[in-house]
Structures are given as C-alpha cells and as structure tokens.
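> dropping the sequence and predicted coords here.
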Amino acid sequence: MTMDSTSSNYQSCFTELLAQPVYGMSQQEKSKKLLALMAHLHQHHLTHCSAYARLFSQAPPAFSCYDELPYLAVRLFKLQRLASIADSEVFRELRSSGTTGQTPARVILDKATSARQSKALVTIMQQFIGKQRLPMLIIDSPDVLASPDLSARAAGIQGMAFFGRKPSYALNTDMTLNTQAVREFTERHKGEPVLLFGFTFMVWLHFVKAIERSGINVDLSQGILIHSGGWKKLVDQQVTNGVFKNSLTSLTGLTRIHNFYGMAEQVGSVFVECEKGHLHAPSLADVVVRCPYTLRPLPHGETGLIQVLSALPTSYPGFSILTEDMGAIIGEDDCGCGRKGRYFTLAGRLPKTEIRGCSDTAGVA
Ligand SMILES: [Zn+2]
C-alpha cells in the first residue's frame with residue numbers, strides 16, 4: 001500500500017482498532033471505529049482497483065451505518081482476479097479449494113495484508129487458546145502440505161500451526177485414522193493441555209467416526225479443539241453442532257470445542273464460537289445479515305445471507321463481502337459468555353433451489 005493520505009488514515013484507524021480488546025467494545029463504539037476504517041478502505045480500493053472503481057465509483061465517500069457499505073458478491077473472486085496492488089507487490093496468491101470442477105477463488109496478498117491477517121488471527125485465537133504454544137494434533141494427513149499449490153486447507157493448517165508446537169498428524173495419507181500417532185500423542189501429553197485443529201467434516205468423518213468404529217481409548221480431556229469449514233456435508237448427514245460436540249465429549253473427554261467461521265477471501269478475521277455456542281465478531285470484523293431476495297438488511301433473529309466486514313485487506317477489495325452462507329444475528333453486547341459486540345449462528349448454505357434458474361450460479365453446491 002503506497003503511503004498516500006488514505007493509507008495513512010487507514011493505518012492509524014487500524015492501529016487504534018487493533019489496540020482495543022478483541023471482544024471488549026460495545027457494538028456502538030466498535031461499529032463507529034470500523035465504519036471510519038471502512039471508508040478509508042473504500043477510497044483505497046477505488047483508487048487502486050479498476051474493477052472495484054467501475055462498480056462503486058458512485059458510492060458515497062462516507063458511511064453512517066453498515067447498511068450503506070458497498071459489498072462484493074463472494075463469487076466475484078472466482079470470476080475475476082481482483083487486485084489493488086501491482087503484480088510486483090504480490091507476495092502470495094491464495095486459491096480456495098472449492099469443490100471439484102469449480103473455479104477456485106483467487107485472493108491476492110501483499111506482505112502488509114498477509115502480516116495483518118496473521119496478527120489478527122493470533123489476537124483472536126489467543127482469546128480461546130491462551131498465549132502458550134501447546135502440543136498440537138492436526139486432524140488431517142501431513143500430505144496436505146506437500147501440494148505445490150497452496151490450498152486454502154493447507155493455508156488454514158499453516159495458519160493454525162503457529163499456535164501449537166511439535167505437531168502430530170492424526171490421519172494417514174488415505175485419510176484413515178493413524179491410531180499409532182494418536183495413541184503416542186495422547187500418552188506423551190497425558191494430563192497436560194493440548195491443541196487440536198481440523199476441518200469440521202474431517203474431524204467428524206475421519207476422527208470421531210473412526211474412533212467410534214475402532215473402539216480405541218483416546219483421552220483428550222485436557223484438549224482444546226479448534227475446527228472450521230463447511231457444515232453442509234454434516235447437515236446432509238443430519239449432524240448438528242450439538243451432536244458433533246456431544247460425540248467428541250463422550251468419546252474423548254474433550255469439552256473445549258470451538259468452531260470458527262471464516263473464508264479464504266477474508267483470512268485472519270475469523271468468527272469464533274463461544275462457550276454458549278455463538279459465533280462472535282471480533283474487533284476487526286463484523287457481520288450483517290441480508291434478505292436473500294431483496295438483499296435488504298434483516299433485523300436480528302431473522303435468517304438471511306451473511307455479509308462479512310473485515311478491516312484487514314488492502315491488497316484486494318475484500319473488506320465487505322456478501323457470502324453464500326445463511327445465518328442469523330442473535331444479538332449484540334449481551335451474550336451469556338460476556339463478550340461484547342454482535343453474535344450470530346450459521347444456518348447452512350444458500351439452498352440450491354433458491355438459486356436454480358440463474359445460469360451463472362448453476363451447479364453450485
Ligand atoms: Zn458468547
């Protein structure tokens with residue numbers, strides 16, 4: 001990001017926001033700070049991304065509430081390469097794995113955005129894991145990191161690996177449970193806190209189900225599991241978050257289980273599930289829920305399309321994205337866990353039937 005006045009304004013807003021407690025600001029105070037920052041990001045991308053400028057040059061320069069913010073449909077990142085930096089500044093290009101046959105989303109990162117993402121992820125995750133780096137069991141196969149293209153799955157593991165030490169992998173190349181590795185891990189770290197990370201569906205199918213089938217004794221009562229990834233496959237199998245957690249608790253003794261919601265298009269600003277089962281917006285991000293038909297913002301409690309706001313990206317215009325995920329905001333500032341700001345739950349993906357008939361969305365899972 002070149003140091004014009006917009007970027008120095010952004011930088012000072014960002015520094016101020018980052019210095020705030022992650023879940024300590026009231027919604028009123030937080031949205032004011034975040035909106036000021038969003039206005040700078042909007043100006044920045046108007047200046048540096050021609051595709052963004054073509055779409056939003058008529059948008060107002062400042063915003064009095066989230067509802068006025070321009071947003072990009074998440075699909076655009078699959079259709080176009082959206083960058084707000086010169087090619088020479090590209091540090092990394094992230095490609096989301098997507099489903100087979102789908103074009104992956106492309107997310108263009110420079111060093112500054114990438115560093116901000118890491119910083120944000122650390123700040124948020126430390127609220128749940130603590131500052132100590134714990135022995136880590138990754139519920140995946142080590143081969144996922146060997147692929148030359150950095151998949152979103154590999155990037156997710158790399159990002160989380162920072163919080164652990166001496167990583168062990170729970171799965172074999174063929175995704176079967178590596179019972180020996182799991183046994184060694186639990187015996188070596190018996191009675192001490194450990195960190196587990198995996199993608200939700202893999203944790204369920206290749207870990208929970210495999211432990212259940214094999215009947216092996218796995219004690220992870222001192223563990224913290226962080227998991228993420230689509231719920232769609234689990235919903236298809238009628239596995240709710242409650243069933244997921246209860247199965248893990250009864251099989252392994254794990255009680256500290258935190259799902260998080262995030263996307264390749266906004267790495268770093270993640271929404272982590274609290275002890276009450278709600279996803280919380282951290283200081284650097286927020287959510288809006290819109291009606292899937294009219295795209296108008298919905299009142300709290302109503303289910304619609306989730307729009308995610310993130311203070312982080314300057315190298316690509318992804319600070320305000322309309323996702324294809326459904327959810328509902330439950331409330332603000334009053335979750336039973338004590339965290340301030342907005343909290344919400346997910347309700348799955350936009351149903352196929354809703355979008356059937358639009359040629360550009362055909363075949364999307
Ligand atoms: Zn909460």
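Here it is on my side, so go on. Numbers count the residues shown, from 1 in each chain.

> can you list the low-confidence ranges for the stretch 201-350 of the chain?
Across the stretch 201-350 of the chain, the ranges flagged by pLDDT under 70 are 348-350.

> how does it look with 90?
215, 229-240, 263-264, 267, 347-350 (pLDDT under 90).

> got a list of what Ser214 touches?
Residues near Ser214 by Cβ atoms under 8 Å, 6 or more residues apart in numbering: Leu177, Thr179. To be clear about C-beta, it is placed using only N, CA and C from the backbone, and glycine gets the same treatment.

> show me the helices in this protein, by range?
Using DSSP state H, the helices of the chain run over residues 5-19, 27-48, 50-56, 76-79, 111-129, 152-161, 179-188, 200-202, 209-214, 232-236, 241-252, 352-355.

> stretch 160-173: which residues count as buried?
Neighbour-count burial for stretch 160-173 flags Met160, Ala161, Phe163, Gly164, Pro167, Ser168, Tyr169, Ala170, Leu171, Asn172 (criterion: 16 or more other Cβ atoms under 10 Å).

> starting at the chain centroid, how far to it?
Relative to its chain's centre, stretch 160-173 lies at 19 Å (Cα atoms, centre = their mean, to the nearest Å).

> now do that stretch: everything it contacts.
Residues outside stretch 160-173 that contact it (Cβ under 8 Å, 6+ apart): 118, 121-122, 125, 129, 133-143, 177-178, 181-182, 184-185, 195, 197-198, 202, 206-207, 226.

> how about stretch 224-232?
By Cβ under 8 Å, 6+ apart, stretch 224-232 touches 125, 128-129, 134, 139, 156, 160, 163, 193-203, 241, 248, 254, 256-262, 270, 272, 346, 348-349, 365.

> put the buried members of the residues you listed into a PyMOL selection.
Remark: buried members of the contacts of stretch 224-232, expressed as a PyMOL selection using 16+ other Cβ under 10 Å:
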select buried, resi 125+128+129+134+139+156+160+163+194+195+196+197+198+199+200+201+202+203+241+248+254+256+257+258+259+260+261+262+270+272+346+349
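
> the contacts of stretch 224-232 in strands, which ones?
Counted as lying in strands by DSSP state E, out of the contacts of stretch 224-232, are 134, 139, 194-199, 256-261, 272, 346, 348-349.

> count the neighbours of Ser151 for me.
With neighbours defined by other Cβ atoms under 10 Å, the count for Ser151 comes to 18.

> for Thr345, see how far away the closest residue to Glu273 other than its chain neighbours is.
In this structure, Glu273 finds its nearest non-sequential neighbour in Asn259, 4.3 Å apart by Cβ to Cβ, 6 or more residues apart in numbering. Distance, Asn259 to Thr345, using Cβ to Cβ, to the nearest Å: 10 Å.
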